[in-house]
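Enquirer: Whatever this is, show me its structure:
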Amino acid sequence: MPFLLVAVVVWSVLRTGALLLLDRRQAAAIRGGSGAVPAAFADAVSPADHRKAVAYGLDRLRFGAVSAVLDLVAGIVALVWGLDLVSGIVSARIGPSISRSLVIAAVLWLVSGLLSLPLAAWRTLVLEQRHGFNRRSPALFLRDSLLASLLTAVIGGPILAGILWAMQALHGPWWLWTWAALTVAMLLAPTIHVRLVAPLFNRFIPLRAEMAAPIEALLARTGFRSGGLFEMDASRRSSRGNAYFIGFGPTKRIVLFDTLLDAHTPDEIQAVVAHELGHFHHRHTLNGLLRGIAFLFGLLAAVGWLAHQSWLLPGFGIRHPDPVLSLILAMVLAGASSPILGLAGNALSRRHEFQADAFARRMVGAAPMVSALTRLARDNASTLTPDPWFSLVHDSHPPVPLRVARLLDAA
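Expert: Here you go, the predicted model:
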């Protein structure tokens, strides 16, 4: 087998194996803590709720393990056989052109989507349904999937065409111009999402009056100016509660799920909003955007160099070369560092979450924040006895027990 193909397959197998070992550690930690509710949560989480979280956590791990193995097999089949097969079939019918590259990419994307659809359906319509979280009907699930795919094609197709054109038409570092264009797109994306994309999936209405006034007062105390407070009909799809801020300048919005508003007290809701305000106070959102732009620069620099190397396609055994295959395989190689970057990103994100919690404690007090986190953990069936190594690799947010302990220590 070609040397790069062997290297990537071996790396993929080792990475999947390591993740499965972490899953076993997490399962052991969940089972080990299943006998009783941790003392810090005994007053707020019932034994029945704890047993539900244990069952849900173990079911998610089983599903994740199956998904990981299937993804590994599908990825190896694609590298060893699928990419070259699709390129050969399309190349026999369409001459070298951007159109041919787009057709190759479209076929690969469609096959990947069709293969992943059953797992996504099982996760939503069986696993989440079994544990009382899903509220999507099969029809709504299919509608969401088709709409998301259509948006991906409408937005991603022209972007890919532009990248392929830059690869072939621009002299010198084509990736630099691509990076500049994609950076502009990243800056515009939140506004486009707020105005055009999000309303296709959910209904947004002004926040109910009894909650708007105290939140407006909280915003005034923190000096935050929003483009509006909104309630989203998340209950159409899930029972989970959440909130998010999105956008920049006059377009930024605060969005609260109706499930959050219905399940939490006013003080807890203010604590959740204060936590999100903490991210803006510490400029986490801006810093995240700048890191994303810097990461994109590094990724495109690596891809730009790899995609023009004469050894790239032969190294994967490709007999029917095409620029889109060079782009895909360059990204596969450039993505080999993703586990290390993921660990660093999670570590920084967890640090930011602690900072946002501390800001919320200063704004509304520790008790409402602790109560909100505990209720969210209970209602979302979060495990209260996570394995630290599993959490280190997978979690962008610190486990709730650690967040609660830090809030109480600082109170």
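Enquirer: Could you measure from Gly315 over to Pro339?
Expert: According to CB to CB, to the nearest Å, Gly315 and Pro339 sit 21 Å apart. Where you see a C-beta, it was placed from the backbone N, CA and C, and this is true even at glycine.
Enquirer: Please say which of these two ends up with more neighbours.
Expert: Gly315 (18 against 14; other CB atoms under 10 Å).
Enquirer: Okay, and Ile293 sits in which element?
Expert: helix 284-307 (DSSP states H and E).
Enquirer: Check the model's average confidence along that helix for me.
Expert: Averaged over helix 284-307, pLDDT sits at 93.
Enquirer: mind showing which ranges of the stretch 51-200 of the chain have poor pLDDT?
Expert: Within the stretch 51-200 of the chain, no range satisfies pLDDT under 70.
Enquirer: Please pull up the helix or strand immediately following the helix or strand harbouring Thr16.
Expert: Here Thr16 is covered by helix 3-32, with elements defined by DSSP H and E. Going down the chain from helix 3-32, the next helix or strand is helix 47-77, by DSSP H and E.
Enquirer: Check which helices and strands whichever helix or strand comes after that next one is in contact with.
Expert: Remark: after helix 47-77, the chain's next helix or strand is helix 83-91, criterion DSSP H and E. When contacts are defined as 3 or more CB pairs under 8 Å, 6 or more residues apart in numbering; DSSP states H and E, helix 83-91 sits against helix 98-122, helix 323-334.
Enquirer: 10 Å instead, please
Expert: helix 98-122, helix 312-315, helix 323-334 (3 or more CB pairs under 10 Å, 6 or more residues apart in numbering; DSSP states H and E).
Enquirer: just so I know, which of those lies nearest Gly288?
Expert: helix 323-334 (20.6 Å; CB to CB).
Enquirer: Report the angle between the helix or strand just after the closest one and helix 284-307.
Expert: Following helix 323-334 in sequence order, the next helix or strand is helix 338-364 (DSSP H and E). Angle of helix 338-364 versus helix 284-307, following axes from the mean of the first three to the mean of the last three CA atoms, to 10 degrees, is 170 degrees.
Enquirer: In the next helix or strand after helix 338-364, which residues are buried?
Expert: Counting by DSSP H and E, the next helix or strand C-terminal to helix 338-364 is helix 366-379. Residues of helix 366-379 classed as buried: 366, 368-379 (neighbour count, 16 or more other CB atoms under 10 Å).
Enquirer: Name the residues of the host helix or strand of Arg143 that come out as buried.
Expert: Assigned by DSSP H and E, Arg143 belongs to helix 138-169. Of all the residues in helix 138-169, those buried under the rule 16+ other CB under 10 Å are Phe141, Asp144, Ser145, Leu160, Gly162, Ile163, Leu164, Ala166, Met167.
Enquirer: what's the closest of these to Pro398?
Expert: After measuring the buried residues of helix 138-169 against Pro398 - CB to CB - the closest member comes out as Asp144, at 30.3 Å.
Enquirer: ok, now which ones touch Trp109?
Expert: Ser149, Thr152, Ala153, Gly156, Gly157, Leu160 (CB atoms under 10 Å, 6 or more residues apart in numbering).
Enquirer: so which two of these are the farthest from each other?
Expert: Ser149 and Leu160 (14.8 Å).
Enquirer: Can I take it that Phe230 is in a strand?
Expert: Yes - according to DSSP: H, G, I helix; E, B strand; the rest coil, Phe230 belongs to a strand.
Enquirer: How many neighbouring residues does the residue nearest to it when sequence neighbours are not counted have?
Expert: Once flanking residues are discounted, Phe230 sits nearest to Phe204: 4.6 Å by CB to CB, 6 or more residues apart in numbering. Per other CB under 10 Å, the neighbour tally for Phe204 reads 15.
Enquirer: Isn't Phe204 up against Gly228?
Expert: Yes - taking contacts as CB atoms under 10 Å, Phe204 lies within contact range of Gly228: 8.8 Å.
Enquirer: and for the two, which residues touch both?
Expert: Val194, Arg253, Val255.
Enquirer: Tell me which of those fall in strands.
Expert: Arg253, Val255 (DSSP state E).
Enquirer: from the shared contacts of Phe204 and Gly228, which single one is nearest Ser310?
Expert: Closest approach to Ser310 among these (CB to CB): Val194, at 44.8 Å.
Enquirer: Contact partners for the closest one?
Expert: Counted by CB under 10 Å, 6+ apart, Val194 has contacts Phe204, Gly227, Gly228, Phe230, Ile246, Gly247, Thr251, Lys252, Arg253, Val255.
Enquirer: Please name whichever of those scores lowest on pLDDT.
Expert: Scoring the contacts of Val194 by pLDDT puts Thr251 last, at 63.
Enquirer: just to revisit the earlier point, dump the shared contacts of Phe204 and Gly228 to a markdown table, plus distance to Ala330.
Expert: Output for these, formatted as a markdown table (distance: CB to CB, whole Å):
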| residue | distance to Ala330 |
| --- | --- |
| Val194 | 33 |
| Arg253 | 37 |
| Val255 | 37 |
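Enquirer: Can you tell me the closest non-neighbouring residue to Leu170?
Expert: Leu170 sits nearest to Trp177 (CB to CB, 6+ apart), 5.9 Å away.
Enquirer: Would you mind measuring from the one you found to Val184?
Expert: 11 Å.
Enquirer: List the contacts of the residue nearest to His275 when sequence neighbours are not counted.
Expert: Distances taken as CB to CB, 6+ apart place Ala360 nearest to His275, at 4.3 Å, with adjacent residues excluded. When contacts are counted by CB under 10 Å, 6+ apart, Ala360 touches 218, 270-278, 281, 366, 368-369, 372-373, 407.
Enquirer: Now, of those residues, which are buried?
Expert: Using 16+ other CB under 10 Å, the buried ones in the contacts of Ala360 are 218, 270-278, 281, 366, 368-369, 372-373, 407.
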